[in-house]
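Peer 1: no letters, just coordinates:
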C-alpha cells in the first residue's frame, strides 16, 4: 500500500513523439540528402536527411515546436504541434539550393578523343540570345561553322549543310531540323553535343563534312513530373518519371501554332500558307541489373508547306512552271532498341537495332509531282575494351538495309553548284516509278594508346561496302595528342572519308546510278590551353581536299568531274560558367573553293566566308535574373550575278547571261541579339521566362538579289528576322 501511494505521488512520465518528415528541393521536389534538421526549442535534438530526403526527429513532449532545416547556409522553418492521442505531423521542407550546388554533377566526356572536337552543354546553348531556347540553332556560333541564311543546319569547313552526319544517343537519324530551321528535339532533353569538324573517328559513317553527335539526358527517376513550354513558334509538353525502381521514361511532343493564328501571307503575287510542324521524342530506360540495361527510343517529325503563285507574278514570268499550287510535306520517324552491357575491367558493349522511315511528297506548280517513301534498317554494334592504363581498343560493325519507293512525274533539271543558269521551264519532263532495295555494311576499329607519359596515339580504319553502285572503301584515320603540360594540349589528325551523292543524282532516268562516291581528305593541327579554371583558348588550322564532286552532263545527267579544297584557321576563347559571366569568342579565317574539272573553271564555294566572328555572353545578375548577347559578323558570301540577256527561250522569255560562278560578293553581314531571362521558383514548381530582341540595330543584311522578268534591274533581298521572341515554361 505504501509503495502504491509513493508511485502515485510521482509526476507522470512525459510522452515522446517521433515524427517523420521530408526535405525536397524547392521548385523541383528533388529529395535532398545531408540536410540538418534541428528543433529551435531543443538545441540537442537534430536529424539528417537521407538519400530520399527523409528524416526522423524526436520531440520530448506535446506542444508547439519550430523545426529548422539548414543546407549550405540556406534555412527554412516549419512550425508543428504534437498532442497525445492526436495525429502526428509529417513536415515537408522545400529548400532552395544555390544553382552552383544544384548543378554540381561531375561527368566524364563521352569520348576522350580531342582532335577537332568541340563539346558544348545543352544548358549553355539554350540560353544563347537569338536561339529562341533551341540549343541546335546555336550551332552557328561554334568554330568552323559558316552562317547559313534561313537554316540552322551548319556548313562546316568548306562543306555544305547536306554533307554532315547526325547522331543522337549513338543512333544515326535522318532529320534534325524542320523547314523553319528549328531542331526536331525538345530543348530540355539535350544534354550536350560534340561537333567533330574534321578527321573524325572510324566509327562514324560516310560523310565528308562534319559529325554532330547529340546526347539526350536520361529520364528522371525520383518522381513523376512534367513541363509545358510555349514560345513564339509553338508549344510543347514533356512528361517523365519512374515506372519502378529500375525503369523510367520520358515523352515529349510539340506543335507549331502560327498557322492557326495567321493562315497565309501574300506578297508579289505569291500566297504562302504559314508552314506547320510537329515532332515527338520518347525514351524508356530499363536497368536489368548492374551490368545490363535496355533503352527504347522513338522519334518523329513532320513539316507541311503550301504555296500558290499567280501567273502574273514576277516569279512565274521568269519560270512559268512555278505558276499554280505547290505543296511540300515531309514525315520522318525512328524506333530503336539499344542494349548496353558492362563487361569486366571497364569494358562495355553496345548493340542497337534501328528503323527509320521517311515519307515526302512534293508538288511544284506545273513542274510535276515527286513522292518518296524510304525505310532503313540498321544493326549496329560497338565493343570497347580497356586493355590497360591508357590503352583502349574499340571495334564497330554495321549492317544496313534500305528500301526506297520512288513515284516521280517531274521535270528533270540537272543542276549543281556548278550550273547557275538552270532553267526549270524548258527542262524535259520524265517519269519514274520503281522500288530500290539495297544493302550495305561496314567494319571499323580504333586503337587509342598512351605510348609515352604525355603522348597518346590514335589509329583507326573503316572499311565499308554498298551494293547499289557496288563500291568499297577502306579509309584510314589517325590522330595524336601531346600533353605538353597540365595546361596545354597539342592535337593532330588526318583521315579519308567518302559520301553518297545526293539522292536524285544516283537514281536512273533522273540521275546516274554509276556515280562514284564523293571523296575527302581531312588534315588538322590544333592547340588547346587552359589559362585558369575560368578561361581557356583553342586554335586549329585545317586543310580539306575534295574529289569526285558531281557536275551535270548532257548525256549521263551527272558525272564525277569536279574537285575542291578548303583551309583555314580558327580561334576559340572561352569563359567557363564558374561565376556570373560566361561565354565565348570565335574567329574563323577560311577559304573554300570548287573547280569544274571539265571546263577548268575555279570559283569560291557558295558558303565561303573568309572572315567570320561571333561573340556570345551571358551574365547572371542574380539567381533569378540573367542577360545575354550574341553578335555575329562575317564577310560577304559569294553569288552569281546576271549581267544581261542573250536571245529568248521558245516561249519568248529572255535568256539570262550569268557572270562567272560566285564571282560577286554580297555586303558584309553583322547582327546583334539580346536576351533577358527571369526564373521563378515556387515550392512545387518552377516558372521560367525569356524575352529576346533580335537584330537590335535593325540592319538589313543582304542575302541575295531578285531580278525583274526582263533581267534589266535587281533589288536586294534582306534576311528575314523576327524582331523579338519570347517563351514561358512551367516545370512541375
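Peer 2: The structure has been received and is ready for your questions. Computed from a predicted model, the values in this text were never measured in an experiment.

Peer 1: report how many residues lie close to the spatially closest residue to residue 197 that is not a sequence neighbour.
Peer 2: Sequence neighbours aside, residue 144 is the residue nearest to residue 197 in space, at 4.3 Å (criterion: Cβ to Cβ, 6 or more residues apart in numbering). For glycine as for every other residue, the C-beta is placed from the backbone atoms N, C-alpha and C. Residue neighbour count, defined by other Cβ atoms under 10 Å, stands at 27 for residue 144.

Peer 1: residue 144 and residue 418: what is the separation?
Peer 2: Between residue 144 and residue 418 the distance is 24 Å, computed by Cβ to Cβ, to the nearest Å.

Peer 1: in the strand or helix carrying residue 569, what counts as buried?
Peer 2: Take DSSP states H and E as the rule and residue 569 turns out to sit in strand 557-575. Applying a neighbour-count criterion of 16 or more other Cβ atoms under 10 Å, one finds 557-568, 570, 572-575 buried in strand 557-575.

Peer 1: what of stretch 52-72?
Peer 2: By 16+ other Cβ under 10 Å, the buried positions in stretch 52-72 come out as 53, 55, 57, 59-60, 62, 65, 67, 69, 71.

Peer 1: now do stretch 614-622
Peer 2: Those would be 614-618, 620, for stretch 614-622 by 16+ other Cβ under 10 Å.

Peer 1: what separates it from the chain centre, distance-wise?
Peer 2: Between the centre of stretch 614-622 and the centre of its chain there are 21 Å (Cα atoms, centre = their mean, to the nearest Å).

Peer 1: tell me which residues are up against that stretch.
Peer 2: Outside stretch 614-622, the residues that touch it by Cβ atoms under 8 Å, 6 or more residues apart in numbering are 124, 127-129, 138, 140-141, 575, 577, 579-586, 626-633.

Peer 1: pull out the buried members of the residues you listed.
Peer 2: Neighbour counting over the contacts of stretch 614-622 (16+ other Cβ under 10 Å) leaves 124, 127-129, 138, 140-141, 575, 577, 582-586, 626, 628-633 as the buried ones.

Peer 1: where do the strands sit along the stretch 551-700 of the chain?
Peer 2: With strands called from DSSP state E, counting those that start in this stretch, the stretch 551-700 of the chain shows them at 557-575, 581-596, 602-604, 611-620, 625-634, 638-639, 642-648, 654-658, 664-665, 669-681, 686-693.

Peer 1: if we can go back for a sec, so the residue nearest to residue 197 makes contact with residue 158?
Peer 2: No - because the distance of 9.2 Å does not satisfy Cβ atoms under 8 Å, residue 144 is recorded as not touching residue 158.

Peer 1: between these two, which contacts overlap?
Peer 2: Taking Cβ under 8 Å, 6+ apart as the criterion, residue 144 and residue 158 both touch 568, 590.

Peer 1: pLDDT-wise, which helix or strand of this structure ranks last?
Peer 2: Confidence across the helices and strands of the chain bottoms out at helix 2-9, with a mean of 42, counting by mean pLDDT, DSSP states H and E.

Peer 1: what's the first helix or strand after that one?
Peer 2: Sequence order places strand 17-25 as the next helix or strand after helix 2-9, per DSSP H and E.

Peer 1: orientation of that next one relative to strand 669-681 in degrees?
Peer 2: 170 degrees (axes from the mean of the first three to the mean of the last three Cα atoms, to 10 degrees).

Peer 1: got a list of what residue 454 touches?
Peer 2: 482-484.

Peer 1: and of those residues, the nearest to residue 509?
Peer 2: residue 482 (53.2 Å; Cβ to Cβ).

Peer 1: what's near enough to touch the residue lying closest to that closest one once chain neighbours are set aside?
Peer 2: Distances taken as Cβ to Cβ, 6+ apart place residue 490 nearest to residue 482, at 4.3 Å, with adjacent residues excluded. With Cβ under 8 Å, 6+ apart as the criterion, the residues that contact residue 490 are 481-482, 484, 525-527.

Peer 1: filter those to the buried ones?
Peer 2: By the neighbour-count criterion of 16+ other Cβ under 10 Å, the contacts of residue 490 include these buried positions: 481, 525-526.

Peer 1: tell me the SS of the spatially most central residue of the chain?
Peer 2: The centre of the chain sits closest to residue 136, judged by Cα atoms, centre = their mean, with a distance of 3.8 Å. Under the three-state scheme (DSSP: H, G, I helix; E, B strand; the rest coil), residue 136 adopts helix.

Peer 1: next one: it from residue 538, what distance?
Peer 2: Taken as Cβ to Cβ, the span from residue 136 to residue 538 is 21 Å.

Peer 1: kindly report the same for residue 226.
Peer 2: With the distance defined as Cβ to Cβ, residue 226 ends up 39 Å from residue 538.

Peer 1: same thing with residue 438?
Peer 2: Residue 438 sits 41 Å away from residue 538, going by Cβ to Cβ.

Peer 1: who has more neighbours out of those two?
Peer 2: A count of neighbours by other Cβ under 10 Å puts residue 538 above the other of residue 438 and residue 538, at 22 against 14.

Peer 1: so which helix or strand takes in the more buried one?
Peer 2: With DSSP H and E as the criterion, residue 538 is inside strand 535-553.

Peer 1: counting neighbours, what do you get for the nearest residue to residue 658 once chain neighbours are set aside?
Peer 2: Nearest residue to residue 658 in three dimensions, chain neighbours excluded: residue 420, at 4.6 Å (Cβ to Cβ, 6+ apart). Residue 420: 18 surrounding residues under other Cβ under 10 Å.

Peer 1: ok, now which ones touch residue 420?
Peer 2: The contact partners of residue 420, taken as Cβ under 8 Å, 6+ apart, are 640, 658, 661.
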